[in-house]
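S.K.: Here is my input; please provide its structure:
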Amino acid sequence: MVVIYIKMLKYNATIRIEPNPKCIRIRNKSCEAVTFLYNQTRTNRTHHQKTALALLLSLFLFSRLSLWKMVALERSLEAAMNARIIGSGSETMVLAHGFGGDQSVWDKVLPCLTKHYQVVLFDWTFSGAVKDPNLFDPLKYSSYDAFADDLIALLDELHLESSLVFVGHSMSGMIGCIASIERPQLFNRLILVAASPRYINIDDYEGGFDDATIDGIISSIESDYENWTSNFALLVVDNSDPISVNNLAKCLKRMRHEFAVPLAKTVFRSDKRDILDKVTTPCTIIQTTNDIVVPGSVADYMHKKIKGKSTVEIVNTNGHFPQLTAHLEFLAVLAGVLGFEI
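M.R.: Numbers count the residues shown, from 1 in each chain. Presented below is the predicted three-dimensional model:
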């Protein structure tokens with residue numbers, strides 16, 4: 001019996017070829033199998049010829065299976081990313097969560113926003129709320145650009161192609177900026193909530209962390225993720241709101257550890273300062289008075305570097321999640337910028 005191991009795309013497959021094969025069975029890591037029967041009437045084929053033919057046919061069939069899976073994923077982003085549209089209004093607002101979260105981080109502001117907008121909610125593929133772990137490929141998502149591509153593809157699938165308000169929290173702020181550069185007509189306003197183009201200090205830029213601190217964060221995620229999630233939630237959410245602290249900790253714990261490590265490297269070692277002067281969409285930068293993740297100097301830096309018109313709005317709360325710990329003030333900022341009543 002000959003067993004050949006191959007890897008195509010992101011799927012592992014085992015092809016089993018018997019000495020006188022009449023069929024080929026291909027199985028990927030999702031335990032989906034395809035069986036192929038072929039004509040065995042030519043008796044003068046050598047064993048090596050039969051094996052070679054079987055392998056070629058197997059590769060063809062498996063490539064067809066992989067292609068089908070890729071197409072299926074591309075066509076079902078709405079379902080895969082738990083996307084939904086709720087609310088009323090003639091305009092549409094897109095809410096995008098950050099590292100380790102899910103769409104539940106917007107729950108406190110939804111009742112108000114849905115009175116004035118059709119609101120698009122979704123979960124990034126790394127989120128613990130996403131059912132299919134195969135959707136997140138650490139190599140693919142080693143850059144924010146892949147997330148921006150997903151965002152654009154999702155909105156295309158939802159037939160939302162222009163004049164949207166985008167509200168991006170943390171890493172999603174920069175993802176929204178990238179998407180706005182790739183598709184300038186997509187958004188008419190970017191709301192960048194606790195966003196940062198770079199987290200590590202360099203030269204005259206203050207990102208908030210030095211290299212050693214970032215290395216320590218990633219090491220803690222690798223070695224003791226369970227404990228890190230609890231501690232991180234306490235650091236980034238105002239402790240005067242223990243319910244929100246607990247809810248974020250639960251979100252973080254739901255995210256797979258094998259996703260958290262590469263994603264943390266992508267986020268905390270990112271440097272997107274060079275795209276800011278390409279952002280022409282009007283921006284509102286929302287900063288809290290005391291954010292351990294993003295210092296106020298970052299908001300000022302973004303304000304100066306963004307090419308389009310931008311303003312900085314301060315929400316009087318501690319932590320990285322104003323939509324959780326100061327949601328009424330956060331809504332007041334949005335209302336003032338966008339022109340709706342609370």
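
S.K.: mind checking how far residue 107 is from residue 159?
M.R.: 26 Å (Cβ to Cβ, to the nearest Å). The way it works is simple: take the backbone N, C-alpha and C, and place the C-beta from them, glycine included.

S.K.: Residue 84 touches residue 118, doesn't it?
M.R.: No: if you go by Cβ atoms under 8 Å, residue 84 and residue 118 don't touch, sitting 10.6 Å apart.

S.K.: who's more crowded, those two?
M.R.: Shown here are residue 84 and residue 118; by other Cβ atoms under 10 Å, residue 118 has more neighbours (18 against 12).

S.K.: How about the contacts made by the more buried one?
M.R.: Contacts for residue 118 (Cβ atoms under 8 Å, 6 or more residues apart in numbering) come out as 85-89, 91-93.

S.K.: Over to residue 82?
M.R.: 103, 121-123, 129-130.

S.K.: Give the helix, strand or coil label for it.
M.R.: State at residue 82, reduced to three classes by DSSP: H, G, I helix; E, B strand; the rest coil: coil.

S.K.: Phi first, then psi, for it.
M.R.: Phi and psi for residue 82, reported as degrees, to the nearest 10, are phi 50, psi 40.

S.K.: now do the one 10 residues further on
M.R.: Dihedral angles of residue 92 (phi, psi; degrees, to the nearest 10) stand at phi -120, psi 140.

S.K.: Could you measure from the nearest residue to it once chain neighbours are set aside over to residue 157?
M.R.: Spatial nearest neighbour of residue 92, chain neighbours left out: residue 118 (4.6 Å); criterion: Cβ to Cβ, 6 or more residues apart in numbering. Between residue 118 and residue 157 the computed distance is 15 Å (Cβ to Cβ).

S.K.: Report how many residues lie close to the nearest residue to residue 309 once chain neighbours are set aside.
M.R.: For residue 309, ignoring the flanking residues on the chain, the nearest one in space by Cβ to Cβ, 6+ apart is residue 282 at 4.8 Å. For residue 282, the count of nearby residues is 17 (other Cβ under 10 Å).

S.K.: Confirm residue 140 sits in a strand?
M.R.: No: with three-state DSSP as the criterion, residue 140 is located in coil rather than a strand.

S.K.: quick one: it and residue 146 touch, right?
M.R.: Yes: the pair residue 140 / residue 146 is scored as a contact, 5.1 Å apart, by Cβ under 8 Å.

S.K.: all helices of the stretch 201-342 of the chain, in order?
M.R.: Using DSSP state H, counting those that start in this stretch, the helices of the stretch 201-342 of the chain run over 211-223, 225-236, 242-254, 257-268, 296-305, 322-325, 327-338.
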